[in-house]
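Student: take a look and give me a structure for this.
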Amino acid sequence: MLSDLSRMLTELASDGTSKLTYGIQTPSARSKATVEKVLIEGLEVLATDGAWGLSFRALARKCDMRLSNLQYYFTTQEDLFTSITRFALGQFLRNLEDTGALSMNTPEERLSAYLDFRLRRANDLRLRAISVGIKDLAIRHNGPADFFARTCVFLNEQVAAIVRGMTAELPEDEALRRAAIINTIVDAMGPSCGQAYKAPTGLQEAIFDQAHRIARGA
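Tutor: Residues are numbered from 1 along each chain as shown. Alright, predicted model coming up:
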């Protein structure tokens, strides 16, 4: 699982090419640092203004750069949106890696750790806003859609592997179906009704229980 995660992180960050940074040509350390600064600020724009607030001019102001300098690195709007999407998804997976969720001893422990990671992020307003922004980009643009879909497939495969570990001789297609249901449930968690909404007491515990039941086919 961890080797799969490392490969996915490499795919998002560089496609295995040392001169690329999230799909953008960066032949020097200076250019790499500039691109990474733009991507970090791009996530902040998503967090505060959403996908509709993300533009060349907004990012140029945020980064204190000339518009022409920004467009030197990101030739088209599609390039910019795709690179920010790749960066956001890479951060998400690196944070997952840091939790050690996919290296727990038993599949039950791995599922619980994975659910805990997803639900904690879902309840973080800033991270939730970034997630919504990335989804909006993926709905409207082919580049972000491609990398978002790849990441969703990857997560389903990881959870399906956990599910197969919990249920002996489970067909792969059924494991993937259960994994997709679990990911859909946790993806719907968080302040989806706005920051003033308070989830009912015990909802998170109920989601944990339901996800484990789905994994076991109960």
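Student: what segments of the chain are strands?
Tutor: 20-21, 24-25 (DSSP state E).
Student: reformat these as TSV; add distance to residue 137 and mean pLDDT.
Tutor: Where you see a C-beta, it was placed from the backbone N, CA and C, and this is true even at glycine. Compiled in TSV, the strands of the chain are given as follows (distance: least, CB to CB, whole Å; pLDDT from 0 to 100):
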stretch	distance to residue 137	mean pLDDT
strand 20-21	18	92
strand 24-25	16	92
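Student: so which of those strands is nearest residue 212?
Tutor: Of all these, it is strand 20-21 that lies closest to residue 212, at 39.2 Å by CB to CB.
Student: between the strands of the chain, which one is nearest to residue 99?
Tutor: strand 20-21 (24.7 Å).
Student: what does that closest one contact?
Tutor: For strand 20-21, the external contacting residues (CB atoms under 8 Å, 6 or more residues apart in numbering) are 13, 14, 26, 32, 35, 36.
Student: which among those count as buried?
Tutor: Neighbour counting with 16 or more other CB atoms under 10 Å marks 13, 14, 26, 32, 35 as buried within the contacts of strand 20-21.
Student: residue 162: which of the contacts of strand 20-21 is nearest?
Tutor: residue 13 (24.8 Å).
Student: does residue 119 touch residue 207 like I think?
Tutor: Yes - between residue 119 and residue 207 there is a contact under CB atoms under 8 Å: 6.9 Å.
Student: looking at the protein, which helix is longest?
Tutor: Ranked by residue count and defined by DSSP state H, the top helix of the chain is helix 142-166.
Student: would you mark the buried spots in that helix?
Tutor: 143-145, 147-148, 151-152, 154-166.
Student: now swap in stretch 28-44 and tell me
Tutor: Buried positions in stretch 28-44, judged by neighbour count with 16+ other CB under 10 Å: 31, 32, 34, 35, 38, 39, 41, 42, 43.
Student: mind listing the helices for this structure?
Tutor: Using DSSP H, the helices of the chain run over residues 2-13, 29-49, 56-63, 67-73, 77-99, 107-122, 125-140, 142-166, 172-187, 203-216.
Student: who does the first one touch, helix- and strand-wise?
Tutor: Helices and strands touching helix 2-13, as assessed by 3 or more CB pairs under 8 Å, 6 or more residues apart in numbering; DSSP states H and E, comprise helix 77-99, helix 142-166.
Student: who's in contact with residue 187?
Tutor: If you count contacts by CB under 8 Å, 6+ apart, then residue 187 has 118, 122 around it.
Student: okay, it and residue 133: tell me how far apart.
Tutor: According to CB to CB, to the nearest Å, residue 187 and residue 133 sit 15 Å apart.
Student: any weak-confidence spans in the protein?
Tutor: Across the chain, the ranges flagged by pLDDT under 70 are 1-2, 190-193.
Student: switch the cut-off to 50
Tutor: Across the chain, nothing is flagged by pLDDT under 50.
Student: which one is residue 51 nearest to, not counting chain neighbours?
Tutor: Nearest non-adjacent residue to residue 51, counting by CB to CB, 6 or more residues apart in numbering: residue 136, 3.7 Å away.
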